[in-house]
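**Student:** need coordinates for the following:
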Amino acid sequence: MDMSNRRIVLLGKTGVGKSSLANTIFGEKLFKIGHTVNSDTSKCQAETKSVNERNITLIDTPDLSEEELKSEIVRCITEFAPGPHAFLIVLKVERYTEQEQAVITKINQYFSEEVFKYATVLFTHGDQIPEEETIEDFVRDNELLSHLVKKCGGRCHVIDNKYWKNNQQEEYRSNQFQVEELLKTIDKMVEANEGRCYTNEILEAVEEGIHQEMQLIRQSHENMSEEEIREKAKYRVSEWLGISLADITTGTLQSALFGVQIMMNVVVSAFGLARSAAGGALTAGVGAFTGCFAAQAADTPLELTERAPNVVIDKSKQ
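**Tutor:** Numbering: from 1, shown residues only. As a prediction, this is how the structure comes out:
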């Protein structure tokens with residue numbers, strides 16, 4: 001089995017159980033579960049662990065409808081890079097309302113139709129399924145849900161974060177069984193996508209920035225592991241990107257994360273990137289990253305902010 005790391009993003013509105021789902025998949029409580037309006041459900045959190053002989057990074061995202069989450073969306077950009085292998089569209093087993101449909105509309109708006117090639121619908125609160133029924137039966141009874149699952153290649157699964165924790169007499173109503181089935185589905189989907197991850201120019205640009213910063217960190221932190229170097233690089237890129245996009249509205253920044261072209265110039269400017277003549281690919285301008293990140297070689301946001309005004313980006317390289 002391919003042991004390369006799989007990045008899996010959880011999408012859904014607050015309260016559907018994304019954080020609990022992540023803990024269920026990992027088999028331990030690594031993700032913070034919020035119970036109030038101002039809880040950690042509005043945070044972006046990423047954790048990595050080996051599950052059933054697979055290396056997995058789960059990324060729990062804020063509610064797509066939230067409006068005051070700019071810093072978390074910036075963090076999502078760096079956590080997503082270079083792109084997710086799979087999206088889990090998380091819904092509750094309950095009546096499918098306009099609120100649920102609005103989440104799907106947001107996903108369609110921010111990403112593109114291509115995102116559904118990388119998506120699986122995952123239902124929580126499986127205990128609400130009547131006995132002798134499956135999640136497929138539940139979906140079949142709702143036209144909108146049926147359409148969504150069909151767009152996702154027929155991929156749908158169900159878990160129950162509360163009642164299916166222990167081994168059940170009925171195999172279907174066991175999280176252990178359902179998690180393995182979910183991971184098998186993701187394996188097949190990744191294989192069908194030839195191992196590619198969902199990406200766009202913005203995520204590619206951020207990934208290039210992370211790689212350039214990793215090179216700088218290696219020069220001055222020889223004793224750090226590659227994992228530590230990448231985490232430090234992501235932190236610096238996230239802080240620099242946050243400063244560069246400080247005046248951008250949250251809604252526009254959400255669009256930037258999910259691929260709206262109008263924001264590409266902002267990100268390119270932030271990282272001093274240039275488009276190559278061949279195929280519009282993104283390349284680093286000579287010295288652009290070095291000048292940008294070397295000047296920004298700060299270990300705290302305050303230090304970074306103090307140095308930011310001194311950074312000069314070579315816009316002739318864009």
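
**Student:** can you give me the strands in the stretch 151-300 of the chain?
**Tutor:** 156-158, 273-275, 282-284 (DSSP state E, counting those that start in this stretch).

**Student:** which secondary structure elements does the first one sit against?
**Tutor:** Right, the one you point to is strand 156-158. Contact here means 3 or more CB pairs under 8 Å, 6 or more residues apart in numbering; DSSP states H and E; on that basis strand 156-158 packs against strand 119-124, helix 135-140, helix 175-192. Placement of C-beta: from N, CA and C, glycine included.

**Student:** strands paired with it, and their directions?
**Tutor:** With DSSP bridges as the test, strand 156-158 is paired with strand 119-124 (parallel).

**Student:** just the angle between the partner strand and helix 175-192, please?
**Tutor:** 170 degrees (axes from the mean of the first three to the mean of the last three CA atoms, to 10 degrees).

**Student:** picking that back up, quick one: closest of the helices and strands packed on strand 156-158 to Leu30.
**Tutor:** helix 175-192 (14.5 Å; CB to CB).

**Student:** reformat the helices and strands packed on strand 156-158 as CSV; add mean pLDDT and mean neighbour count.
**Tutor:** Compiled in CSV, the helices and strands packed on strand 156-158 are given as follows (pLDDT from 0 to 100; neighbours: other CB atoms under 10 Å):
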stretch, mean pLDDT, mean neighbour count
strand 119-124, 96, 24
helix 135-140, 93, 17
helix 175-192, 94, 17
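
**Student:** turn the ones you listed into a markdown table, columns for distance to Thr199.
**Tutor:** Shown next, in a markdown table, are the helices and strands packed on strand 156-158 (distance: least, CB to CB, whole Å):
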| stretch | distance to Thr199 |
| --- | --- |
| strand 119-124 | 15 |
| helix 135-140 | 29 |
| helix 175-192 | 14 |
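
**Student:** between the ones you listed, which one is closest to Lys29.
**Tutor:** helix 175-192 (13.9 Å).

**Student:** check which helices and strands that closest one sits against.
**Tutor:** Against helix 175-192 (3+ CB pairs under 8 Å, 6+ apart) you get strand 6-11, helix 18-26, strand 54-60, strand 86-92, strand 119-124, strand 156-158.

**Student:** which residues does the fifth one contact?
**Tutor:** It refers to strand 119-124. Residues outside strand 119-124 that contact it (CB atoms under 8 Å, 6 or more residues apart in numbering) are 16-17, 20-21, 86-93, 135, 138-139, 145, 148-149, 151-152, 155-161, 182, 185-186, 189.

**Student:** give me the buried subset of those.
**Tutor:** The neighbour count (16 or more other CB atoms under 10 Å) marks 16-17, 20-21, 86-93, 135, 138-139, 145, 148-149, 151-152, 155-161, 182, 185-186, 189 as buried among the contacts of strand 119-124.

**Student:** list the buried ones in stretch 227-245?
**Tutor:** Applying 16+ other CB under 10 Å to stretch 227-245 flags 229-230, 232-245 as buried.

**Student:** stretch 89-108 too?
**Tutor:** Buried-residue list, stretch 89-108, by 16+ other CB under 10 Å: Ile89, Val90, Leu91, Lys92, Val93, Tyr96, Glu100, Val103, Ile104, Lys106, Ile107.

**Student:** among those, which two are most distant?
**Tutor:** Val93 and Lys106 (20.8 Å).

**Student:** which stretches of this protein form helices?
**Tutor:** Here the chain has its helices, by DSSP state H, at 18-26, 70-80, 98-110, 135-140, 143-151, 175-192, 201-220, 226-244, 250-257, 264-271, 288-295, 301-307.

**Student:** can I get the helices and strands packed on helix 175-192 in JSON lines including distance to Ala205?
**Tutor:** JSON lines is the format used below for the helices and strands packed on helix 175-192 (distance: least, CB to CB, whole Å):
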{"stretch": "strand 6-11", "distance to Ala205": "17"}
{"stretch": "helix 18-26", "distance to Ala205": "27"}
{"stretch": "strand 54-60", "distance to Ala205": "19"}
{"stretch": "strand 86-92", "distance to Ala205": "21"}
{"stretch": "strand 119-124", "distance to Ala205": "23"}
{"stretch": "strand 156-158", "distance to Ala205": "33"}
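
**Student:** any idea which of these gets closest to Ser220?
**Tutor:** So among the helices and strands packed on helix 175-192, strand 54-60 is nearest, using CB to CB, at 26.4 Å.

**Student:** quick one: contacts of the closest one?
**Tutor:** By CB under 8 Å, 6+ apart, the list of residues contacting strand 54-60 from outside reads 1, 3-10, 18-19, 22, 25-26, 31, 43-50, 76, 79-80, 84, 183, 187.

**Student:** alright, that wraps it up for me.
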